[in-house]
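Trainee: With the input below, show me the fold.
(chains A, B, C, D, E, F and G)
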Amino acid sequence: MEYIYAALLLHNAGKDVTEDAVKAVLEAAGTDVDEARAKALIAALEDVDIEEAMSTAAVAAAPAAAPA
Amino acid sequence: MEYIYAALLLHNAGKDVTEDAVKAVLEAAGTDVDEARAKALIAALEDVDIEEAMSTAAVAAAPAAAPA
Amino acid sequence: MEYIYAALLLHNAGKDVTEDAVKAVLEAAGTDVDEARAKALIAALEDVDIEEAMSTAAVAAAPAAAPA
Amino acid sequence: MEYIYAALLLHNAGKDVTEDAVKAVLEAAGTDVDEARAKALIAALEDVDIEEAMSTAAVAAAPAAAPA
Amino acid sequence: MEYIYAALLLHNAGKDVTEDAVKAVLEAAGTDVDEARAKALIAALEDVDIEEAMSTAAVAAAPAAAPA
Amino acid sequence: MEYIYAALLLHNAGKDVTEDAVKAVLEAAGTDVDEARAKALIAALEDVDIEEAMSTAAVAAAPAAAPA
Amino acid sequence: MMEEELHHSEHIPQWKKQEIEDIKALIEKYPLFGIVGVGGIPAKQLQAMRRELKDVAVLKVSRNTLVNRALEGSSKDCSEMIDYLNQQCALIFTNENPFKLYKLLEQSKTPSPIKAGAIAPQDIKVEKGPTSFPPGPILGDLQSAGIPASIDGGKVVVSENKVVTEEGNVVSQNLASMLARLEIFPIEVGLDLHAVFEDGSIFTPDVLAIDNDKYFSDIAAASRQAFNLAVNVAYPTTATISTLISKASSEAMNLGINATVLEPEIMDSLLGKAHSQMISLASAVSANNEDAVDEDLKS
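Mentor: Predicted structure coming up:
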């Protein structure tokens, strides 16, 4: 998941999520960076609205134990 | 949330979540690092089992669909 | 409500929720303390499992906050 | 959560939620105060409408709050 | 399940799921192909809608928790 | 998702999921192979117990069976 | 010996030779053919089936001896199909695939009465309920056949649900007759596919029966497995990227809230959480002593 975290970190910091940016962040975290995985990530993110995908998270979080 | 993502990133990479590590990651992301925020993060995470905390649902699915 | 928050605070700090403790906290907050209420609270707490009351609290998904 | 309880306690008592106020309350409760966290709290609260945050929670908490 | 995987691979790649295509894929994967099973698959797919079957999987994976 | 199905196919056939194997399968399916994606897949699968990963329910949010 | 053979072949009637050639021609013409059992099918039903299938299949009824010769002599090397020939068979020719053919034939079967002396293919039951018969000798006939019957409301009724004969039993004449009169049809009668020959392969019913439900659920299962694998290894593709982002976001929220990380974006949730806890504790407390809480918190 580290590639995803890197992307969201950049997004949250208001930076462009690019291959180089992701690589820099991962290297700083001490992770071995696989070029292909970084590429694949950026490609997958192309048509995605990150904000929208993140707000789905709020709903997808675990259900409230049904009130008795 | 970028400080939190930095923590997730380091945790995922098997590194200790220290002030310096967090700073390095955020700097690599091109963000100005707020020393206090970094310190506060590390203080909050002291004695926290990150693996467990990230997997335990903290939030219920909102019945009042949270206004965007 | 501040009496309840005081109780939660003391409980979280691992301290006994006594009349004196509650009074000390409220005074530190700069509030006048109603002795009778403080007494009533402590008495009422006797048969209450604070930990349990806290865990049954439902937590809602907050609005997806815009990146800082 | 002690920082949050302290903030809400002050808010409910009609007091300003400042670093010093929060520290005083936490000390009175016998909690060790982390300067950075107190700072972070105040900073994080800057653009937050406490009343609003709590009313969102109230909607969600309602079912859980039905007295036993 | 290899015949199913082959069919879904072709389907996902936007290719027609034919006997020859399935056989080619399975052979490339180093699997022995049973003519009858390949034929049976294609015959079954005349009445079984892949998209429909796949969307059942999506529903099943969703959190059971849709709040009432 | 055709790269994933190629992996499932090879795994099912008891073969190693290598870049060349995946490419062979996809070529047999008549698809153009994106070298980077094949590499990214293999990298993601490193040290992964495929049997376990395919049987463990991935997180809540369900796909709307989107063709990859 | 040779002389005898020659002598014998001279006496094969032309029509037989022609028939053999006709069969061979059909075998040649169609991509596949099957051998079907036609025993026990009333002529009318056979005709009906022939009509029903006419757009997809050609049925040819011939003497087995002639079919035998055709199979042996066919250029398609299908003599092994002879194994599937027995009494009362016919050939069926079609352009459809073997599975479709099997399905069509199964679908064209109809429920039919069971004959006396036949073996029950499954337990045969009667169900409680009315019949159309007025009281009369039929009552005694039903009862002697083992069917529980009585008079009710001026009509003969079957008085309870009962298995009147078990699978494998021979059906008596009396029972067969009574079941028919009650219009209970326990047998599926139709063209019984013994085997299909296509492209050098022979397919038998055990291979040809397709369970659509199983295919459906297998596809669903495979789809789930693929999704599971992709998300669990964080493989980013159009189908998984939203879920992966969502997952990471949830994990960040979880960590932030559970560890009380005082970040702006989760303040609302943290405040909300504290508030909820306060309400929960307050209601527990006020249940014990109303005076312990504010006016607005009193339950």
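
Trainee: Any part of stretch A:10-28 near chain F?
Mentor: No: Stretch A:10-28 stays clear of chain F (C-beta under 8 Å from any C-beta of the partner chain), getting no nearer than 10.7 Å. All C-beta atoms are positioned from the backbone trio N, CA, C, and that covers glycine.

Trainee: So which bits of that stretch are buried?
Mentor: Burial within stretch A:10-28, assessed by neighbour count using 16 or more other C-beta atoms under 10 Å in any protein chain shown, is assigned to A:10, A:11, A:12, A:13, A:17, A:21, A:22, A:23, A:24, A:25, A:26, A:28.

Trainee: Name the residues that touch that stretch?
Mentor: A:2-3, A:6-7, A:9, A:33, A:35, A:38-39, A:41-42, A:45, A:50, B:1-2, B:5, B:9, B:13, B:24-31, C:67-68, G:265 (C-beta atoms under 8 Å, 6 or more residues apart in numbering or on different chains).

Trainee: what about it, average pLDDT?
Mentor: Stretch A:10-28 carries an average pLDDT of 97.

Trainee: Report the two of the buried residues of stretch A:10-28 separated the most.
Mentor: A:12 and A:23 (17.9 Å; C-beta to C-beta).

Trainee: Which stretches in chain A count as helices?
Mentor: For chain A, the helices defined by DSSP state H cover A:2-12, A:19-28, A:35-45, A:50-60.

Trainee: give me the element the nearest residue in space to residue G:50 that is not next to it in sequence is part of.
Mentor: Distance criterion C-beta to C-beta, 6 or more residues apart in numbering or on different chains; nearest residue to residue G:50, sequence neighbours excluded, is residue G:59 at 5.3 Å. Using DSSP states H and E, residue G:59 maps to strand G:57-60.

Trainee: for residue G:202, same thing?
Mentor: Of the helices and strands defined by DSSP H and E, residue G:202 is found in strand G:201-203.

Trainee: Would you tell me whether that strand gets close to chain E?
Mentor: Yes: Strand G:201-203 reaches chain E (C-beta under 8 Å from any C-beta) through G:201, G:203.

Trainee: Show me the strands paired with that strand, marking each as parallel or antiparallel.
Mentor: In the sheet, strand G:201-203 lines up against strand G:192-198 (antiparallel) (DSSP bridges).

Trainee: okay, the angle between the strand it pairs with and helix E:35-47?
Mentor: Going by axes from the mean of the first three to the mean of the last three C-alpha atoms, to 10 degrees, strand G:192-198 is angled at 110 degrees with respect to helix E:35-47.

Trainee: Tell me the first helix or strand C-terminal of the strand holding residue G:202.
Mentor: With elements assigned by DSSP H and E, the helix or strand that comes after strand G:201-203 is helix G:205-208.

Trainee: Point out the other helices and strands that that following helix packs with.
Mentor: Packing partners of helix G:205-208 (3 or more C-beta pairs under 8 Å, 6 or more residues apart in numbering or on different chains; DSSP states H and E): helix E:35-47, helix G:98-107, strand G:192-198.

Trainee: what is the mean pLDDT for the last one?
Mentor: Throughout strand G:192-198, pLDDT has a mean value of 95.

Trainee: outside of that strand, which residues touch it?
Mentor: G:31-39, G:76, G:78, G:81, G:83-86, G:89, G:92, G:97-98, G:101-102, G:105, G:202-205, G:208.

Trainee: on that earlier part again, I figured the residue nearest to residue G:50 was touching residue G:190, is that so?
Mentor: No: Residue G:59 lies out of contact with residue G:190 (C-beta atoms under 8 Å); the separation is 11.7 Å.

Trainee: So for these two, which sits in the more crowded spot?
Mentor: residue G:190 (22 against 17; other C-beta atoms under 10 Å in any protein chain shown).

Trainee: is it true that that one touches residue G:50?
Mentor: No: Residue G:190 sits out of contact with residue G:50 when judged by C-beta under 8 Å, with a separation of 11.5 Å.

Trainee: quick one: low-confidence ranges for the stretch 101-250 of chain G?
Mentor: Applying pLDDT under 70 to the stretch 101-250 of chain G flags no residue at all.

Trainee: ranges for the helices of it?
Mentor: Counting by DSSP state H, counting those that start in this stretch, residue ranges of the helices within the stretch 101-250 of chain G are G:137-144, G:173-181, G:205-208, G:212-232, G:241-258.

Trainee: what about the closest residue in space to residue A:1 that isn't next to it in sequence, how many residues close to it?
Mentor: Excluding its sequence neighbours, the residue lying closest to residue A:1 (C-beta to C-beta, 6+ apart) is residue G:234, at 4.7 Å. As a burial measure, residue G:234 scores 20 neighbours (other C-beta under 10 Å).

Trainee: same deal with residue G:228?
Mentor: 21.

Trainee: List the contacts of the closest residue to it other than its chain neighbours.
Mentor: Excluding the flanking residues, the one nearest residue G:228 by C-beta to C-beta, 6+ apart is residue F:58, at 4.6 Å. Neighbour list for residue F:58: E:61, G:227, G:228, G:230, G:231, G:232, G:243, G:247 [criterion: C-beta under 8 Å, 6+ apart].

Trainee: How much space separates residue F:58 from residue G:212?
Mentor: Taking C-beta to C-beta, to the nearest Å as the measure, residue F:58 falls 28 Å from residue G:212.

Trainee: What residue, apart from its backbone neighbours, is nearest residue G:149 spatially?
Mentor: Using C-beta to C-beta, 6+ apart, the nearest residue to residue G:149 is residue G:142, at 4.0 Å.

Trainee: if I've got this straight, residue G:93 is in a strand?
Mentor: Yes: checked against DSSP: H, G, I helix; E, B strand; the rest coil, residue G:93 lies within a strand.

Trainee: Quick check, it in contact with residue G:54.
Mentor: No: with contacts counted by C-beta under 8 Å, residue G:93 stays clear of residue G:54, the gap being 11.8 Å.

Trainee: the more surrounded of those two?
Mentor: residue G:93 (18 against 10).

Trainee: separation between that one and residue G:16?
Mentor: Counting by C-beta to C-beta - residue G:93 and residue G:16 are separated by 20 Å.

Trainee: One more: residue G:173?
Mentor: When residue G:173 is compared with residue G:16 (using C-beta to C-beta), they lie 39 Å apart.

Trainee: Look up how far residue F:14 lies from the residue nearest to residue G:218 when sequence neighbours are not counted.
Mentor: Among residues not flanking residue G:218 along the chain, residue E:4 sits closest, at 5.0 Å (C-beta to C-beta, 6+ apart). Per C-beta to C-beta, residue E:4 is found 17 Å from residue F:14.

Trainee: rewinding a little: which one of the contacts of residue F:58 sits closest to chain F?
Mentor: residue G:231 (3.4 Å; C-beta to the nearest C-beta).

Trainee: By proximity to chain A, which residue of the stretch 51-200 of chain G wins?
Mentor: Counting by C-beta to the nearest C-beta, the stretch 51-200 of chain G gets nearest chain A through residue G:99, at 39.1 Å.
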